[in-house]
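Peer 1: sequence? don't have it. structure:
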């Protein structure tokens, strides 16, 4: 239509077909997901997206047709959702997470981990020394439900029996016990991560309190000369479980530190960058809690030999450390 | 709802710069919509948990109570903790609830929505959603003291205290929850040409086209896209107003069809303004002096 003489009209006529094509594609993705697209359509998506985004730039500078600009903006945003909405396959994502993201995030936060471990250690030491000096402290550090029959007034034989017999002696009960342990411990761990949001203070408290009760138990058993047996009983799964707790606590401290001491950008920016890194650590530690629950629920109940208990705990610790130190070398990057 | 002609309020508008370097505008989701979405998701989680319990009771004697029990514990935990993560990972930042309300999670910086951001924003739900929920439903013993209540209250109320309606999870994940925009591509008004005989008749001089600006042009576009009951009356009023303002007389004093006049005027006016825009002169409205 030469007499119309509208550049914006010609522009629309030339490009409209590809807009419609992208629109159809985006609608289909909305209905049934990316996975239903064919390989050629998947290749076409970013091409069409880029050309539409460039259409939008052109339209903004040459066209005064408000509908066209509004439409292109909306289409670009919807296509942007599809292109940048995250598209990694589940398996590839998990693989990358285990082999790279998780260990390198832990390495990046090693000083926070060291701090969390120190808090746990201090808690444990405090609980140990106080309870050793005066057994009444035990009741302050260990809740009744957790202590059960294991109190300073209990007979030494009772205390010893606990180490070798589970509450549910039948193997049949073990899996229920393990799954309870897993969900309970994981919740505590994830809580200590999320509470890092309050400048890390509740996280430190939570770890310290855990350390206190650990130390109180240790003191109780030490007073009856059962230390070696107790630590065998604790460490068979404890190396993994305490490590997971330290990881979650460290992740909480990363969060708290980002809140209290923002980087050279803004507090919001710093929280967003560090928060994502810390979340990777917290998610990864769920795996450790799972292994710990299996060790606690099954291995500890089935294996009573002290040396073997230490051996398993030691192997687990060595394995984890090797994994975190060696796996996925390369700096943790937030946006690759 | 955002359609082609009504723009959302600028207070809810945010812009992102895509990796291609183009600025796109997004509209933040309302608090009410997000609340509704979360309620829908919680209802689905509740239904799944109920189903798990029902299945466990049904097979209790078949596979042994303890196996059923442990399976139920782990499954329930998994559903509760990973429901949101699973869907946001698989459905590109949406969950069933968000999808029903046309909401979506995006990266605040405009980049790819990465799994670590999804982990981060959903891990915070434990303190933002599930602990308060268990407080309401009762049975939470460890959270009884005042300080915890206060702290959780602050977290829950957080979306009301910032302009971006971020909850704690959004803050540490660097995400926004936005609406999915809707806009249809309507026919170009300039395309529906006036009939030929009229086309020859309706002509404008450059002076007549230099009165209005972009604002008036786009208001006219809006008027012409209306098709309500009174649209015909509105159009003829608008046509007469324009004719008076620019001093346009129908040739031979034959009255012209208002729609045909408006179309012709719209096309001519847009052509003129767009040409000027190309030369760097954008006349925003009729008060704009050159």
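Peer 2: Cool, got the structure. Keep in mind that this is a model prediction, so the values were computed, not measured.

Peer 1: where's stretch A:85-97 relative to the chain centroid, distance-wise?
Peer 2: The chain centroid and the centroid of stretch A:85-97 are separated by 16 Å, computed with CA atoms, centre = their mean, to the nearest Å.

Peer 1: That stretch: which residues count as buried?
Peer 2: Within stretch A:85-97, the residues scored as buried using 16 or more other CB atoms under 10 Å in any protein chain shown are A:85-87, A:93, A:97. For the C-beta atoms, the positions are set from N, CA and C on the backbone; glycine is no exception.

Peer 1: If we check chain B, which of those are in contact?
Peer 2: Filtering the buried residues of stretch A:85-97 for proximity to chain B (criterion: CB under 8 Å from any CB of the partner chain) leaves A:85-87, A:93, A:97.

Peer 1: rewinding a little: could you dump the buried residues of stretch A:85-97 into a markdown table and include pLDDT and secondary structure?
Peer 2: Compiled in a markdown table, these are given as follows (pLDDT from 0 to 100; DSSP: H, G, I helix; E, B strand; the rest coil):
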| residue | pLDDT | secondary structure |
| --- | --- | --- |
| A:85 | 82 | coil |
| A:86 | 75 | coil |
| A:87 | 68 | coil |
| A:93 | 81 | helix |
| A:97 | 88 | helix |
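
Peer 1: How is chain B partitioned into domains?
Peer 2: Taking automatic domain parsing as the reference, chain B has its domains at B:10-179, B:196-278.

Peer 1: do the last one and chain A meet?
Peer 2: Yes: contact of domain B:196-278 with chain A is found when judged by CB under 8 Å from any CB, involving B:199, B:214, B:217-218, B:221-222, B:225, B:267, B:270-271, B:273-275, B:277-278.

Peer 1: Grab the nearest non-local neighbour of residue 211.
Peer 2: Answering for chain A, as no chain was given. residue A:123 (2.1 Å; CB to CB, 6 or more residues apart in numbering or on different chains).

Peer 1: right idea, wrong chain: chain B
Peer 2: Spatial nearest neighbour of residue B:211, chain neighbours left out: residue B:246 (5.4 Å); criterion: CB to CB, 6+ apart.

Peer 1: domain assignment for chain A?
Peer 2: Taken from automatic domain parsing, chain A resolves into A:7-87, A:91-326.

Peer 1: where in the chain is pLDDT low?
Peer 2: Picking chain A for this. Chain A contains residues with pLDDT under 70 at A:1-5, A:87-88, A:145, A:165-175, A:330-336.

Peer 1: My question was about chain B, not that one.
Peer 2: B:1-8, B:63-65, B:135-148, B:192-201, B:289-290.

Peer 1: Spatially central residue in it, please.
Peer 2: Nearest residue to the geometric centre of chain B (CA atoms, centre = their mean): residue B:179, 3.2 Å.

Peer 1: Provide a list of residues in contact with it.
Peer 2: For residue B:179, the contacting residues are B:2, B:26-29, B:33, B:102-104, by CB atoms under 8 Å, 6 or more residues apart in numbering or on different chains.

Peer 1: Could you identify the longest helix within the chain?
Peer 2: Answering for chain A, as no chain was given. Looking across chain A with DSSP state H, the single longest helix is helix A:227-260.

Peer 1: hm, I was asking about chain B
Peer 2: helix B:31-63.

Peer 1: Output the contacting helices and strands for that helix.
Peer 2: Where contact means 3 or more CB pairs under 8 Å, 6 or more residues apart in numbering or on different chains; DSSP states H and E, helix B:31-63 is packed against helix B:65-90, helix B:96-100, strand B:103-107.

Peer 1: which residue ranges form the helices in the stretch 51-200 of chain A?
Peer 2: Secondary structure of the stretch 51-200 of chain A (DSSP state H, counting those that start in this stretch): helices at A:66-84, A:90-96, A:102-108, A:110-133, A:137-141, A:144-147, A:156-164, A:171-194.

Peer 1: how about JSON lines for those, with distance to residue B:157 added?
Peer 2: Listed next are the helices of the stretch 51-200 of chain A as JSON lines, based on distance: least, CB to CB, whole Å:
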{"stretch": "helix A:66-84", "distance to residue B:157": "29"}
{"stretch": "helix A:90-96", "distance to residue B:157": "34"}
{"stretch": "helix A:102-108", "distance to residue B:157": "30"}
{"stretch": "helix A:110-133", "distance to residue B:157": "28"}
{"stretch": "helix A:137-141", "distance to residue B:157": "34"}
{"stretch": "helix A:144-147", "distance to residue B:157": "33"}
{"stretch": "helix A:156-164", "distance to residue B:157": "45"}
{"stretch": "helix A:171-194", "distance to residue B:157": "16"}
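
Peer 1: wait, which of those is closest to residue A:253?
Peer 2: Among the helices of the stretch 51-200 of chain A, helix A:110-133 comes nearest to residue A:253, with 4.3 Å by CB to CB.

Peer 1: what residues does that closest one touch?
Peer 2: Applying CB under 8 Å, 6+ apart, the contact partners of helix A:110-133 are A:106, A:137-138, A:141, A:203-204, A:207-216, A:218-220, A:222-223, A:242, A:245-247, A:249-254, A:257.

Peer 1: by how many degrees do the longest helix of chain A and helix A:171-194 diverge?
Peer 2: Going by axes from the mean of the first three to the mean of the last three CA atoms, to 10 degrees, helix A:227-260 is angled at 30 degrees with respect to helix A:171-194.

Peer 1: Now do helix A:227-260: distance to the chain's middle.
Peer 2: With CA atoms, centre = their mean, you get 14 Å for helix A:227-260.

Peer 1: what angle do it and helix A:110-133 make?
Peer 2: Using the same axes, to 10 degrees: helix A:227-260 against helix A:110-133 is 130 degrees.

Peer 1: so helix A:227-260 versus helix A:156-164, what angle?
Peer 2: Using the same axes, to 10 degrees, the inter-axis angle of helix A:227-260 relative to helix A:156-164 is 60 degrees.

Peer 1: which residues sit in contact with residue A:327?
Peer 2: A:99-100, A:103-104.

Peer 1: got the phi/psi numbers for it?
Peer 2: Here is the backbone geometry of residue A:327 (degrees, to the nearest 10): phi -80, psi 140.

Peer 1: so residue B:66 sits right up against residue A:179, yeah?
Peer 2: No: if you go by CB atoms under 8 Å, residue B:66 and residue A:179 don't touch, sitting 9.6 Å apart.

Peer 1: which one of the buried residues of stretch A:85-97 sits closest to chain B?
Peer 2: residue A:85 (3.1 Å; CB to the nearest CB).

Peer 1: Give me the nearest residue to the closest one, chain neighbours excluded.
Peer 2: residue B:92 (3.1 Å).
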